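Trainee: this is a predicted model, with the sequence first.
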Amino acid sequence: MSKIRLGVNIDHVATVRNARGENYPSPLRAALFAQKSGADSVTIHLREDRRHINDTDLKEIKSKLKIPFNLEIAATNEMLKIALKRKPPFICIVPEKRQEITTEGGLNLNFKKNFLKKIINKLKKNKSRISLFVEPNLNDIKESKNLNADCVEIHTGKFCNLVNKNKNHKNELKRIKTAVTLGNKLGLEVHAGHGLTYKSAKILAKISGIKEFNIGHFLIGESIFVGLSKTIKNFRKIVK
Ligand code: PXP
């Protein structure tokens, strides 16, 4: 079985920074840490409202990171212009609602279909790998192929929620497996992301045909506990 690539989403490093309006913790530093620690790529979502990652983060990460960065964008003219200028190696097109806490579901591929087609072709000509963030449903996988995407990223939010709450996740797992099989059959590279924890990632890593995971919120949250003790000890030396 080939190795699954790990994309580390660092949006929430920027969330913590922005909560205080300071210049730390630095998303660039987190991106370089991810690189040093074995991540295969770094994901950042430049939202319309810039609630976490901002344009300067994008510029800095683009200029300093050696591993590929994956820019998540909504299908808008503003984001198309930015992506054409910054030429991210990877792009994932995601739905975006201003009021949502996070990306709540996959794209509605019947909405603005011609526009989606147009931007996918433009971005591909600009040498970015294009992925569409979709629900694990067969129509969306087929439609992603019709739209000429290179990859699909399957939204694993529902599955992860069930796993987290120790609820029956059998049907959702089956839906994901069927979607992965179809994606592979159509020649799409299949990725998975949203809500992944150690437990849910372990289950999904057993499905053959998933080539990449993109993990953010849990990974950044868990890092607190991996690093808290060392940080307190550092302060203990200062505060004697
Ligand atoms: N993949 C995509 C396309 C996303 O939009 C997100 C959330 O921004 C993630 C993966 C990561 O999700 P989480 O932060 O829940 O791990």
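Mentor: Sure, I can see it.

Trainee: so for stretch 93-101, what gets flagged as buried?
Mentor: Within stretch 93-101, the residues that qualify as buried are 93, 94, 95, 96, counting by 16 or more other Cβ atoms under 10 Å. All C-beta atoms are positioned from the backbone trio N, CA, C, and that covers glycine.

Trainee: let me know the closest of those residues to residue 182.
Mentor: For the buried residues of stretch 93-101, the closest approach to residue 182 (Cβ to Cβ) belongs to residue 93, at 19.3 Å.

Trainee: check the offset of stretch 114-133 from the chain's centre.
Mentor: 17 Å (Cα atoms, centre = their mean, to the nearest Å).

Trainee: and if you look at stretch 157-164?
Mentor: Centroid separation for stretch 157-164 versus its chain: 17 Å, with Cα atoms, centre = their mean.

Trainee: same deal with stretch 181-193?
Mentor: Offset of stretch 181-193 from its chain centre (Cα atoms, centre = their mean): 16 Å.

Trainee: would you indicate which residues of it are buried?
Mentor: Within stretch 181-193, the residues that qualify as buried are 181, 182, 183, 184, 188, 189, 190, 191, 192, 193, counting by 16+ other Cβ under 10 Å.

Trainee: restrict the residues you listed to those near the ligand?
Mentor: Contacts with the ligand within these, counted by Cβ under 6 Å from any ligand atom: residue 193.

Trainee: helices - which of the buried residues of stretch 181-193 land there?
Mentor: Secondary structure from DSSP state H places 181, 182, 183, 184 of these in helices.

Trainee: a markdown table please, covering those residues and showing distance to residue 217 and pLDDT.
Mentor: Listed next are these as a markdown table, based on distance: Cβ to Cβ, whole Å; pLDDT from 0 to 100:
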| residue | distance to residue 217 | pLDDT |
| --- | --- | --- |
| 181 | 28 | 98 |
| 182 | 28 | 98 |
| 183 | 24 | 98 |
| 184 | 27 | 98 |
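
Trainee: quick check, nearest of those to the ligand?
Mentor: When those are compared for distance to the ligand (Cβ to the nearest ligand atom), residue 183 wins out at 15.0 Å.

Trainee: roughly how far apart are that closest one and residue 147?
Mentor: Separation of residue 183 from residue 147 (Cβ to Cβ, to the nearest Å): 13 Å.

Trainee: swap in residue 207?
Mentor: Counting by Cβ to Cβ - residue 207 and residue 147 are separated by 24 Å.

Trainee: residue closest to the middle of this structure?
Mentor: residue 214 (4.6 Å; Cα atoms, centre = their mean).

Trainee: so which elements touch the top helix by length along the chain?
Mentor: What stands out as the longest helix in the chain, according to DSSP H, is helix 217-238. For helix 217-238, the elements it packs on are strand 5-9, helix 11-20, judged by 3 or more Cβ pairs under 8 Å, 6 or more residues apart in numbering; DSSP states H and E.

Trainee: so that helix versus strand 5-9, what angle?
Mentor: 60 degrees (axes from the mean of the first three to the mean of the last three Cα atoms, to 10 degrees).

Trainee: spatially nearest residue to residue 112 (excluding sequence neighbours)?
Mentor: With Cβ to Cβ, 6 or more residues apart in numbering as the criterion, residue 112 has its nearest non-adjacent residue at 6.2 Å, and that residue is residue 75.
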